[in-house]
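1. how would this look folded up:
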Amino acid sequence: MKKLKISDPQIIEIALKNEILRSKEARYNHKLHGLLLICRGYTSYDVAEMFGQNPTTIQRWVKIFEKNGFSALEDGDKTGRPQRLEISQFNKLNAALRKSPRDLGYEQNLWDGKLLAHFIKQTFKVDMGTRQCQRLFHQLGFRLRKPRPVIGQANPLEKEAFKKTR
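-> Down below sits the predicted model:
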């Protein structure tokens, strides 16, 4: 029988790993296959090399399975870090961002991460970094807008003559 080949095996391997990580069921089945190979006599190092995992990860799968059974191999809920702002604060922030910063007493025309961090600290007494505030903009459906630079003391006649189309 001819040996099977896959074109671009490195790229396909990356795609397969991404597919496994994409869903809870695929990750669970991946762990089951790893345990099956351990049952067949492979070492955790052999399985780790085949699966592209760390041997410690394979050993952890075996220990957790031995202790708690199949249900322990299922992924739990991953809640992540708790939100810094409460829902009511988040709603107030959303309403404030719909207004111009000038309406709230600031000198800027547009919101940016630094100004938002200052506003949150003054209003809600919560320290947030500039980058986290930029993520809040994205989370609330805003996009980055930068003012166009204006050339200081530009001559309008020269500016008009420079344009390609009139």
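2. Please parse the chain into its domains.
-> For the chain, automatic domain parsing gives the domain ranges 11-73, 87-139.
3. would JSON lines of these with mean pLDDT and mean neighbour count be doable?
-> Just so you know, the C-beta spots here come from the backbone N, C-alpha and C atoms, and that holds for glycine as well. Below are the domains of the chain laid out as JSON lines (pLDDT from 0 to 100; neighbours: other Cβ atoms under 10 Å):
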{"stretch": "domain 11-73", "mean pLDDT": "91", "mean neighbour count": "14"}
{"stretch": "domain 87-139", "mean pLDDT": "93", "mean neighbour count": "14"}
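4. okay but residue 61 is in contact with residue 72, surely?
-> No: counting by Cβ atoms under 8 Å, residue 61 does not reach residue 72; the two are 9.0 Å apart.
5. Adding distance to residue 81, write the domains of the chain out as JSON lines.
-> Converted to JSON lines, the domains of the chain look like this (distance: least, Cβ to Cβ, whole Å):
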{"stretch": "domain 11-73", "distance to residue 81": "20"}
{"stretch": "domain 87-139", "distance to residue 81": "11"}
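6. for those domains, which one sits closest to residue 159?
-> domain 87-139 (22.4 Å; Cβ to Cβ).
7. Now the terminal residues of the closest one, how far apart.
-> Terminal residues of domain 87-139 are spaced 13 Å apart (Cα to Cα, to the nearest Å).
8. ditto for stretch 1-14
-> 27 Å.
9. which SSE is residue 78 in?
-> Per DSSP states H and E, residue 78 falls between elements, in no helix or strand.
10. Please apply the same query to residue 66.
-> Using DSSP H and E, residue 66 falls within helix 55-68.
11. And for that helix, what's in contact with it?
-> If you take Cβ atoms under 8 Å, 6 or more residues apart in numbering as the criterion, helix 55-68 is touched by 31, 34-35, 38, 44-45, 47-48, 51, 72-73.
12. can you do 7 Å?
-> Residues from elsewhere that reach helix 55-68 (Cβ atoms under 7 Å, 6 or more residues apart in numbering): 31, 34-35, 38, 44-45, 47-48, 72-73.
13. what separates the residue nearest to the spatial centre of the chain from residue 60, distance-wise?
-> What sits nearest the mean C-alpha location of the chain, by Cα atoms, centre = their mean, is residue 135, with 9.8 Å. Here the criterion is Cβ to Cβ, to the nearest Å. By it, residue 135 lies 32 Å from residue 60.
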